[in-house]
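1. Here is a sequence together with a model predicted from it:
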2 protein chains.
Amino acid sequence: MKPCRIAILGSTGSIGLNTLKVVDQHPHRFKVVALSAYNNVGLLERQIKKYRPAHVAIGPEGFIYLKSRGIKGFKLYSIGDCAQMASLKEVDVVVLAMSGAGALMPFLAAVRAGKTVAPANKEALVIAGDLIMGEARRCGAKIIPIDSEQSAIFQCVDGQPSKPVLVHLTASGGPLRGVKPGDFKRMTPKEILRHPRWKMGPKITVDSATLMNKGFEVIEAKHLFGLDHRQIKVLVHPEAIIHSMVEFADGSLLAQLGVTDMRLPIQYALTYPDRLGTGLARLDLAELGALHFEEPDLKNFPSLGLAFEAARLGGTIPAVLNAADEEAVAAFLKGRVGFLSIYKIVEKVVLRHKIVKKPSLEAVLQADQWARQEAKNILEKLCH
Amino acid sequence: MKPCRIAILGSTGSIGLNTLKVVDQHPHRFKVVALSAYNNVGLLERQIKKYRPAHVAIGPEGFIYLKSRGIKGFKLYSIGDCAQMASLKEVDVVVLAMSGAGALMPFLAAVRAGKTVAPANKEALVIAGDLIMGEARRCGAKIIPIDSEQSAIFQCVDGQPSKPVLVHLTASGGPLRGVKPGDFKRMTPKEILRHPRWKMGPKITVDSATLMNKGFEVIEAKHLFGLDHRQIKVLVHPEAIIHSMVEFADGSLLAQLGVTDMRLPIQYALTYPDRLGTGLARLDLAELGALHFEEPDLKNFPSLGLAFEAARLGGTIPAVLNAADEEAVAAFLKGRVGFLSIYKIVEKVVLRHKIVKKPSLEAVLQADQWARQEAKNILEKLCH
């Protein structure tokens, strides 16, 4: 069996590291041919020495340093050329492990080159889902999501003769589940960053607190599985053992379950359609004893409702939602605004936006820029 | 679309009635071409008038009565000729809704005729699973189980590119879950027959109390899905919402969930691969709040362990297990022996049996007869 040749964009982040653990678990199955990182040049250098990729991309600060190190055997790209790396002939699977809108161009390049793309990145599909899915269909690219909820849905519908009528995205409820809504306004970044279930970066943890992260997943699921926004429900399930469910016309549901370890969906995407051992502990439901479920609290977590509205409207609105959220969360993390202001800023920007339906890539990027500027303007006023 | 032509063997029992409800829900989709009942000739007569089947079989007592009624338009068979009815050219799907070993010959006839067979009956697969599955493979017959657990497994593996490494059969725990083991010996048939989850006949409810019913399902699953007995686990799940689960090599599980209504798996089997609306209430996990899980108590429910042992040994042992259990449960229901004697009798008969490996149909039937006589002998001694 020829090894699967993979490009990992964002190899020094949490998803990138877990992807390399999967590679380590099955060294004969994979060949790492490309790596990229934005900042962490020290770790990237160690990865280069260990995995010997033929192609490497790094952000501006690390570029000169890496060049000066005199390591041989790979071609060095600037981070802006990740799209070129994602479409290399010698790449079979592109793992999009970086966060942020920077994943958009590599994602588009990879689907246009007919690659199998394994996205952990949410932003690209949120802001340009129609474009990406259209190009994927046109070019015969396969998209196997790594996000645990989207992977669960993929696993539940794969091979099924019927399409689901509903998708139930499960949500741990985030770090504020169980906190009195009256206390939300006093929440500091430090308190928010103690997430009970998944260890993630600060931006996504704040999004998990507002439930905006789940909202982004709603938009993502809409694109990945060709659904109407009314076909997507969110169900709070604090144990995060059922990673999501699909419901068929007859009321029967299929659910995907597993331990909460990102190596599971990553390995699934990399070895699909095969399934290999993971070396991880197995799920023991009897030991767990119980799984719990509740409706999401849309009143105290209005971001989720706003994201559903963005999913319904489509066009440039999701791009605006994403960009405004990024600015507002960054301001919260810097202590510039309080927790409740995140939603207020995002809502204000979305309401001010003039939607472009069926936007081109340029229109999407323009909307993104506009929303960031608009959010910054609002922040300026708020902080003075 | 041509209607699916179905034969319902055991149309006056619980599964038969639910099958006819599914037919009523989608009248243009189905044509009832054959019905059979053992005893309830009054209800069968009403079904004949409503569904106008061309073929009807009835037990000896009803035969003369039905003949005397002068209803026209169908051919009347004795109950022993159900196998003939199950292999009629004009039948597409055979629903095996009768209980007991009497389903064996119709089951074999139906698979030999290449029909789609939807068994709710457990006994046939328990006593002659190897024979039935072998003939089904040879003749290209499709078996889509109706039992909610087996249907769940079928739905989870259907279309999946990988075979599961484990199957988790869920069990409500039966009417004795939560009862102190010290009180088991005092349990009366009346107390046992109050089953918390599924409304079923008295024999199967007692089997559910001893967990022998789950044991039969272990043997059934082994045959239906080509598993080794070590690949089957039992998990107590009192809400009976997860109908069963399968686990893949990577530790990922797929589960099938739904409300506890037999019309769901029946309709699935009848309309496969399509899924249609059922008119039933949908599952609402948030309203339920929680699902619970625990290991089965093998010490106080030794029947389950005995059934696993029978699954391991195979040959004529499962037939002996089934026959001895039928006699012992009948004696318990008549008040002849106490609850704990059921297991003791069955174990004694199984231990005395000389196993025939790879038995012919005749050897299986002989073992069945031998076990019944042996159980009766033990009962004679016990009750004097």
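-> Yes, it's here.
2. mean confidence score for stretch A:11-24?
-> Taken as a whole, stretch A:11-24 has a mean pLDDT of 97.
3. Could you list the buried residues of it?
-> Of the residues in stretch A:11-24, A:11-23 count as buried by neighbour count, 16 or more other C-beta atoms under 10 Å in any protein chain shown. Where C-beta positions appear, they are placed from N, C-alpha and C, glycine not excepted.
4. backbone phi and psi for the residue in the stretch 251-384 of chain A positioned nearest to chain B, please?
-> Nearest residue of the stretch 251-384 of chain A to chain B (C-beta to the nearest C-beta) works out as A:P273 at 3.6 Å. Listed backbone geometry of A:P273 is phi -90, psi 0, with angles given as degrees, to the nearest 10.
5. residues contacting it?
-> For A:P273, the contact set (C-beta atoms under 8 Å, 6 or more residues apart in numbering or on different chains) comprises A:D158, B:P161, B:S162.
6. Restricted to strands, list the residues you listed.
-> Among those, no residue falls in strands (DSSP state E).
7. Tabulate those residues (CSV), appending pLDDT.
-> Written out in CSV, the entries for the contacts of A:P273 read as follows (pLDDT from 0 to 100):
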residue, pLDDT
A:D158, 96
B:P161, 92
B:S162, 95
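8. Please pick the buried ones from those residues.
-> Using 16+ other C-beta under 10 Å as the threshold, B:S162 are the buried ones among the contacts of A:P273.
9. Look at A:V33 and give its secondary structure.
-> Using DSSP: H, G, I helix; E, B strand; the rest coil as the criterion, the local structure at A:V33 reads strand.
10. now A:S36
-> strand.
11. Just the pLDDT for it.
-> Among the per-residue scores, A:S36 holds a pLDDT of 98.
12. Which single residue of chain A ends up nearest chain B?
-> The shortest separation between chain A and chain B is 2.8 Å, found at A:G159 (distances taken as C-beta to the nearest C-beta).
13. residue contacts, that residue?
-> B:D158, B:G159, B:Q160, B:P161.
14. one more time with 7 Å, if that's ok
-> When the contact criterion is C-beta atoms under 7 Å, 6 or more residues apart in numbering or on different chains, the partners of A:G159 are B:G159, B:Q160, B:P161.
15. returning to what we had before: filter the buried residues of stretch A:11-24 by proximity to chain B?
-> Under the cut-off given by C-beta under 7 Å from any C-beta of the partner chain, chain B has nothing from these close to it.
16. mind putting the residues you listed in TSV, secondary structure included?
-> As requested, the buried residues of stretch A:11-24 are arranged in TSV below (three-state DSSP):
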residue	secondary structure
A:S11	coil
A:T12	coil
A:G13	coil
A:S14	helix
A:I15	helix
A:G16	helix
A:L17	helix
A:N18	helix
A:T19	helix
A:L20	helix
A:K21	helix
A:V22	helix
A:V23	helix
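17. so which of the residues you listed comes closest to A:K185?
-> A:S14 (29.5 Å; C-beta to C-beta).
18. how close does A:L340 sit to A:H353?
-> Computed with C-beta to C-beta, to the nearest Å, the distance linking A:L340 and A:H353 is 21 Å.
19. Please read the previous query as pertaining to A:T116.
-> Taking C-beta to C-beta as the criterion, A:T116 is separated from A:H353 by 34 Å.
20. follow-up on the earlier one: comparing A:L340 and A:H353, which residue is more hemmed in?
-> In this comparison of A:L340 against A:H353, neighbours counted by other C-beta atoms under 10 Å in any protein chain shown, the higher total goes to A:H353 at 21 against 16.
21. Wait, that one touches A:V320, no?
-> Yes. Under the criterion of C-beta atoms under 7 Å, A:H353 is in contact with A:V320, at a separation of 4.6 Å.
22. so what sits against both of the two?
-> Residues touching both A:H353 and A:V320 by C-beta under 7 Å, 6+ apart: A:A367, A:A371.
23. What is the nearest of the contacts of A:G159 to chain A?
-> Among the contacts of A:G159, B:G159 lies closest to chain A (C-beta to the nearest C-beta), at 2.8 Å.
24. Just the pLDDT for that closest one.
-> 93.
25. cool, and A:G289?
-> At A:G289, the model reports a pLDDT of 98.
26. And for A:H384?
-> 74.
27. Counting neighbours, what do you get for it?
-> The number of residues packed near A:H384 is 5, by other C-beta under 10 Å.
28. so it is in which element?
-> Under the criterion of DSSP states H and E, A:H384 resides outside all helices and strands.
29. doesn't A:M245 make contact with A:A255?
-> Yes. Between A:A255 and A:M245 there is a contact at 4.1 Å, judged by C-beta under 7 Å.
30. what touches both of those two?
-> Between them, A:A255 and A:M245 share these contacting residues under C-beta under 7 Å, 6+ apart: A:C156.
31. Could you pull out the strands in the stretch 201-350 of chain A for me?
-> When assigned using DSSP state E, counting those that start in this stretch, the strands of the stretch 201-350 of chain A occupy the ranges A:232-236, A:242-247, A:253-257, A:290-292.
32. can you tell me if the shortest one touches chain B.
-> Yes. Contact between strand A:290-292 and chain B is present through A:A290, A:L291, A:H292 (criterion: C-beta under 7 Å from any C-beta).
33. What are the contacting residues of that strand?
-> By C-beta under 7 Å, 6+ apart, the surrounding residues in contact with strand A:290-292 are A:H237, A:P238, A:E239, A:I241, A:I242, B:G289, B:A290, B:L291, B:H292, B:F293.
34. Tell me who's in contact with A:V23.
-> A:V23 makes contacts with A:F30, A:V32, as judged by C-beta under 7 Å, 6+ apart.
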